[in-house]
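Q: can't give you the sequence, but here's the structure:
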Ligand code: IPE
Ligand code: IPE
Ligand code: MG
């Protein structure tokens, strides 16, 4: 049984403040390039912004923050950049987990973790265990994550769990096996850096998410930019297939 209802199976509960925000943190490289710095300087700055974003979510009472840090396609980058990103990931886990824990943040990493070196896998496991009882904010980092990978791994697990079902699988059979089954679907999706695409992020889970794209580069995405995204979200009419009249509760709607 899934913990949360699916937007296509039942009408989800909505609120003025999004319950779950998912972000593609894009534009680090361009931020550095504009300053004649190496791309990695942009990634270092990007980590700082993650800290700010966590604080902003704690202040605003947002329960789930999911950040895309490294896609399953990012291995295609120059080897040097990939290895610097891995080092940064290790460093962030070594330096930040204590503080996250103190602030009541539960950390999870989703993605195909088997591709990471054993030391990094160990740090991930430790961080998840250390913060497992925290409830103030659920912070999820997607690393070596791909939406298609997620759907395929969920499908494989679903088939292994109930092979006898054969041709009667439903959405609700698949959902508990998806990487984010512990969270409701994102209410608000933000992509910084100007591109208007999903880049293989949460393909299944974004079915009814409100999308917000901004040209602001991730290292420049401060709290006021975040509030602009939330304000835009608050203007949206989330119909989930219904009409405006139905939402307004008009007779015969
Ligand atoms: C996003 O910033 C961070 C990662 C993908 C790791 P980019 O590195 O993609 O920055 P741009 O898009 O080149 O500016
Ligand atoms: C998406 O950014 C992945 C992350 C932010 C981790 P990219 O910069 O890799 O996306 P594309 O390749 O431009 O679509
Ligand atoms: Mg990019």
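A: Nice, thanks for sending it over. The structure presented is a predicted model; accordingly, all values stated were derived computationally and were not measured. Numbers count the residues shown, from 1 in each chain. Ligands and ions are numbered 1, 2, ... in the order given.
Q: residue ranges with poor pLDDT in this structure?
A: Where the chain drops to pLDDT under 70, the residues are 1-3, 253.
Q: report the longest helix in it, please.
A: helix 79-102 (DSSP state H).
Q: the helix or strand that that helix is followed by - which strands sit beside it in the sheet, and in what orientation?
A: As assigned by DSSP states H and E, the chain's next helix or strand after helix 79-102 is strand 105-110. In the sheet, strand 105-110 lines up against strand 137-145 (parallel) (DSSP bridges).
Q: looking at the stretch 1-150 of the chain, which residue is nearest ligand 1?
A: In the stretch 1-150 of the chain, the residue that lies nearest ligand 1 is residue 29 (2.7 Å; CB to the nearest ligand atom). Bear in mind the C-beta positions are built from the backbone N, C-alpha and C, glycine included.
Q: so how many other residues sit close to the nearest residue to that residue once chain neighbours are set aside?
A: Among residues not flanking residue 29 along the chain, residue 39 sits closest, at 4.4 Å (CB to CB, 6 or more residues apart in numbering). Residues lying near residue 39 (other CB atoms under 10 Å) number 18.
Q: residue 39 touches residue 27, doesn't it?
A: No. Residue 39 lies out of contact with residue 27 (CB atoms under 8 Å); the separation is 11.0 Å.
Q: for the strand or helix carrying residue 122, which outside residues touch it?
A: In the assignment (DSSP H and E), residue 122 maps to helix 118-130. Here helix 118-130 makes contact (CB atoms under 8 Å, 6 or more residues apart in numbering) with 86, 89-90, 93-94, 97, 100-101, 107-109, 113-114, 116.
Q: next: stretch 210-221.
A: 25-28, 30-31, 42, 45-46, 48-49, 53, 187-196, 225, 228-229, 232-233, 236, 238.
Q: ok, of the residues you listed, which come out buried?
A: Listed as buried from those are 25-28, 30-31, 42, 45-46, 49, 53, 187-193, 229, 233; burial here means 16 or more other CB atoms under 10 Å.
Q: now, those that are in helices?
A: With DSSP H as the criterion, helices contain 28, 30, 31, 42, 45, 46, 49, 53, 229, 233 from among the buried ones among the contacts of stretch 210-221.
Q: widest-spaced pair of these?
A: For these, with distances taken as CB to CB, the pair at the greatest spread is 42 and 233 (26.6 Å).
Q: now the residue in the stretch 101-250 of the chain that ligand 2 sits nearest to: phi and psi?
A: The stretch 101-250 of the chain approaches ligand 2 most closely through residue 199 (3.6 Å), counting by CB to the nearest ligand atom. Backbone torsions of residue 199, given as degrees, to the nearest 10, read phi 50, psi 40.
Q: quick one: it and residue 72 touch, right?
A: No. The pair residue 199 / residue 72 is not scored as a contact, 10.0 Å apart, by CB under 8 Å.
Q: neighbour count winner among those two?
A: Each of residue 199 and residue 72 has its neighbours counted (other CB under 10 Å); residue 72 has more, 19 against 14.
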